[in-house]
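Participant: no sequence on hand, only this structure:
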């Protein structure tokens, strides 16, 4: 929440979700008295002229899916409890349970039985090419290194970098320390070079059809229901068509 005190972020997010869902339903003029969100504003705030209102617009759907890009234990638990979908970052199917497994399980245990199962969206770069050698595959994956390094090394202060924590929890603790040290020293290129190649290979969809099919199977086994991909080849439309064909066989 930019421009606001970082107070009760979990409570604020939950209340925002609750308020939005009530607004979209249009069942009655909205009154909400939360710990962080009050609608209308209480006495002493605003002009004092506020009153409960109902949304003028008529949404196509009264239930609009809420997706939460949560990272830390409590927020992931809350996501599994009350959100429609979850958007994790740098998702590694074989290791995500090490990072978020307990939180997802705890949240799903509290999930309202009337809600659909939690959707999970993950993926990465997409390039399907039968002629790709391991060396060429890694050259393409190198394009992702600066982004990974930015988050693992520079997105947050030392000791308060959630993305660095993910890297550690994936089992790359030594690399996480070195990447952050280098990045905070301004050595971004050197930090990028230390992003584990295994992480890049397993969290993206770059390779021949057989490799991409194996990765899709891993994503499916991990519970991913929605793929988000970034085609990086010369014909992105064709690559998505090929991907759809592979998905049908997974």
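Facilitator: Yep, it's here. Keep in mind that this is a model prediction, so the values were computed, not measured. Numbers count the residues shown, from 1 in each chain.
Participant: which parts of the longest helix along the chain are buried?
Facilitator: In terms of residue count, the longest helix belonging to the chain (DSSP state H) is helix 9-25. Within helix 9-25, the residues that count as buried by 16 or more other Cβ atoms under 10 Å are 12, 13, 14, 15, 17, 19, 22, 23, 24. Where you see a C-beta, it was placed from the backbone N, CA and C, and this is true even at glycine.
Participant: need the phi and psi values for residue 156.
Facilitator: Backbone geometry at residue 156, expressed as degrees, to the nearest 10, gives phi 130, psi 160.
Participant: just checking, it touches residue 166?
Facilitator: No. Residue 156 is beyond contact range of residue 166, at 11.5 Å (criterion: Cβ atoms under 8 Å).
Participant: more crowded one of the two?
Facilitator: residue 166 (25 against 15; other Cβ atoms under 10 Å).
Participant: tell me the mean pLDDT for the helix or strand hosting that one?
Facilitator: Per DSSP states H and E, residue 166 falls inside helix 162-169. For helix 162-169, mean pLDDT is 97.
Participant: cool, and stretch 79-96?
Facilitator: Here the average pLDDT along stretch 79-96 is 97.
Participant: stretch 126-137 now?
Facilitator: 95.
Participant: who's in contact with it?
Facilitator: 140, 201, 204-209, 212, 229-233, 236, 239-240, 242-243, 246 (Cβ atoms under 8 Å, 6 or more residues apart in numbering).
Participant: which of those count as buried?
Facilitator: When the contacts of stretch 126-137 are checked for burial by 16+ other Cβ under 10 Å, the buried set is 140, 201, 204-207, 212, 229, 231-232, 239, 242-243, 246.
Participant: on that earlier part again, run through who's touching whatever helix or strand comes next after the longest helix of the chain.
Facilitator: Remark: after helix 9-25, the chain's next helix or strand is strand 32-33, criterion DSSP H and E. For strand 32-33, contacts defined as Cβ under 8 Å, 6+ apart pick out 15, 18, 19, 22, 38, 39, 42.
Participant: roughly how far does residue 17 sit from residue 82?
Facilitator: Remark: distance between residue 17 and residue 82 (Cβ to Cβ, to the nearest Å) = 6 Å.
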